[in-house]
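Asker: got a sequence here, can you model it:
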Amino acid sequence: MQKEERVLFPYIVGMERARREGRPVTPPPFLTAKNHFLYPDLEADRVLLEHLRAGDYDTWRDLPLERLEASGQHEVLNWVCLAGAMAELGAKMELVDWVETWIFNAPKCQAIFR
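Answerer: Predicted structure coming up:
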(Lines give C-alpha, C1' and ligand atoms only; values in the text may rest on other atoms or scores of the structure.)
Protein backbone atom coordinates (compact mmCIF):
# COMPACT_ATOMS: atom_id res chain seq x y z
CA MET A 1 0.00 0.00 0.00
CA GLN A 2 3.04 2.29 0.35
CA LYS A 3 3.28 3.01 -3.39
CA GLU A 4 -0.40 3.92 -3.58
CA GLU A 5 -0.05 6.26 -0.60
CA ARG A 6 2.94 8.05 -2.10
CA VAL A 7 1.98 8.09 -5.79
CA LEU A 8 -1.57 7.16 -6.66
CA PHE A 9 -3.55 8.77 -3.83
CA PRO A 10 -1.93 12.23 -4.18
CA TYR A 11 -2.59 12.09 -7.92
CA ILE A 12 -6.26 11.26 -7.33
CA VAL A 13 -6.56 14.18 -4.89
CA GLY A 14 -5.02 16.52 -7.49
CA MET A 15 -7.29 15.11 -10.18
CA GLU A 16 -10.36 15.80 -8.04
CA ARG A 17 -9.11 19.32 -7.22
CA ALA A 18 -8.63 20.07 -10.94
CA ARG A 19 -12.12 18.77 -11.70
CA ARG A 20 -13.68 20.95 -8.97
CA GLU A 21 -11.79 24.02 -10.21
CA GLY A 22 -12.70 23.37 -13.85
CA ARG A 23 -9.09 22.81 -14.90
CA PRO A 24 -7.98 20.05 -17.27
CA VAL A 25 -6.81 16.87 -15.59
CA THR A 26 -3.19 16.04 -16.35
CA PRO A 27 -2.71 12.47 -17.60
CA PRO A 28 -1.02 10.37 -14.93
CA PRO A 29 2.76 10.17 -15.39
CA PHE A 30 2.79 6.60 -14.15
CA LEU A 31 1.44 3.21 -15.06
CA THR A 32 -1.92 2.79 -16.78
CA ALA A 33 -5.61 2.81 -15.95
CA LYS A 34 -6.04 -0.38 -17.99
CA ASN A 35 -4.09 -2.17 -15.21
CA HIS A 36 -5.70 -0.12 -12.42
CA PHE A 37 -2.43 1.82 -11.95
CA LEU A 38 -0.93 -1.26 -10.30
CA TYR A 39 1.63 -2.35 -12.90
CA PRO A 40 2.93 -1.24 -16.30
CA ASP A 41 1.64 -2.32 -19.70
CA LEU A 42 4.43 -4.84 -20.22
CA GLU A 43 2.93 -6.28 -23.39
CA ALA A 44 2.98 -2.86 -25.09
CA ASP A 45 6.56 -2.34 -23.88
CA ARG A 46 7.63 -5.71 -25.30
CA VAL A 47 6.11 -4.85 -28.69
CA LEU A 48 8.04 -1.57 -28.84
CA LEU A 49 11.24 -3.36 -27.82
CA GLU A 50 10.85 -5.79 -30.71
CA HIS A 51 10.42 -2.90 -33.15
CA LEU A 52 13.66 -1.38 -31.83
CA ARG A 53 15.48 -4.69 -32.10
CA ALA A 54 14.33 -5.07 -35.71
CA GLY A 55 15.39 -1.52 -36.59
CA ASP A 56 11.74 -0.69 -37.37
CA TYR A 57 12.04 3.01 -36.61
CA ASP A 58 9.04 3.93 -38.78
CA THR A 59 6.73 2.32 -36.22
CA TRP A 60 8.33 4.45 -33.52
CA ARG A 61 8.00 7.58 -35.64
CA ASP A 62 4.30 6.93 -36.22
CA LEU A 63 3.36 6.17 -32.60
CA PRO A 64 0.28 8.20 -31.65
CA LEU A 65 0.62 10.09 -28.37
CA GLU A 66 -2.77 8.78 -27.25
CA ARG A 67 -1.49 5.20 -27.48
CA LEU A 68 1.54 6.02 -25.36
CA GLU A 69 -0.58 7.79 -22.76
CA ALA A 70 -3.13 4.96 -22.68
CA SER A 71 -0.33 2.47 -21.99
CA GLY A 72 1.31 4.71 -19.40
CA GLN A 73 4.43 4.89 -21.57
CA HIS A 74 5.38 8.51 -20.94
CA GLU A 75 9.05 7.51 -20.61
CA VAL A 76 8.91 6.11 -24.14
CA LEU A 77 8.68 9.68 -25.49
CA ASN A 78 12.44 9.97 -24.81
CA TRP A 79 13.03 6.77 -26.77
CA VAL A 80 11.05 8.14 -29.73
CA CYS A 81 13.69 10.87 -30.09
CA LEU A 82 16.44 8.26 -29.80
CA ALA A 83 14.79 6.06 -32.43
CA GLY A 84 14.59 9.03 -34.80
CA ALA A 85 18.26 9.81 -34.34
CA MET A 86 19.26 6.17 -34.84
CA ALA A 87 17.15 5.98 -38.00
CA GLU A 88 19.04 8.96 -39.43
CA LEU A 89 22.37 7.36 -38.53
CA GLY A 90 21.35 3.94 -39.83
CA ALA A 91 22.27 2.41 -36.47
CA LYS A 92 20.88 -0.88 -35.17
CA MET A 93 20.14 -1.75 -31.58
CA GLU A 94 22.05 -4.35 -29.60
CA LEU A 95 20.16 -5.24 -26.44
CA VAL A 96 22.43 -5.32 -23.41
CA ASP A 97 19.77 -5.91 -20.76
CA TRP A 98 15.99 -5.79 -20.35
CA VAL A 99 14.46 -5.95 -16.88
CA GLU A 100 10.71 -6.14 -16.51
CA THR A 101 9.13 -4.79 -13.37
CA TRP A 102 5.76 -5.02 -11.72
CA ILE A 103 6.41 -2.18 -9.25
CA PHE A 104 7.99 0.65 -11.25
CA ASN A 105 6.33 2.52 -14.10
CA ALA A 106 8.27 0.83 -16.90
CA PRO A 107 10.75 -1.94 -17.64
CA LYS A 108 14.39 -0.90 -17.76
CA CYS A 109 16.33 -1.25 -20.98
CA GLN A 110 20.04 -0.91 -21.60
CA ALA A 111 21.09 -0.93 -25.25
CA ILE A 112 23.92 -0.01 -27.56
CA PHE A 113 23.28 1.38 -31.04
CA ARG A 114 25.92 0.84 -33.75
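Asker: let me see the contact set for the residue nearest the centre of the chain.
Answerer: Residue closest to the average C-alpha location in the chain (CA atoms, centre = their mean): residue 73, at 1.6 Å. Shown in contact with residue 73 (CB atoms under 8 Å, 6 or more residues apart in numbering): 41, 44-45, 48, 67, 106. (Glycine included, C-beta is placed from N, CA and C.)
Asker: that one and residue 16: what is the separation?
Answerer: As judged by CB to CB, to the nearest Å, residue 73 and residue 16 stand 25 Å apart.
Asker: now do residue 47
Answerer: 33 Å.
Asker: one more: residue 112?
Answerer: 44 Å.
Asker: ok, back up a step: of the contacts of residue 73, which pair is most distant in space?
Answerer: Farthest apart among these by CB to CB are 67 and 106. That separation is 14.7 Å.
Asker: residue 67 belongs to a helix?
Answerer: Yes. Judged by DSSP: H, G, I helix; E, B strand; the rest coil, residue 67 forms part of a helix.
Asker: neighbours of it, just the number please.
Answerer: 12 (other CB atoms under 10 Å).
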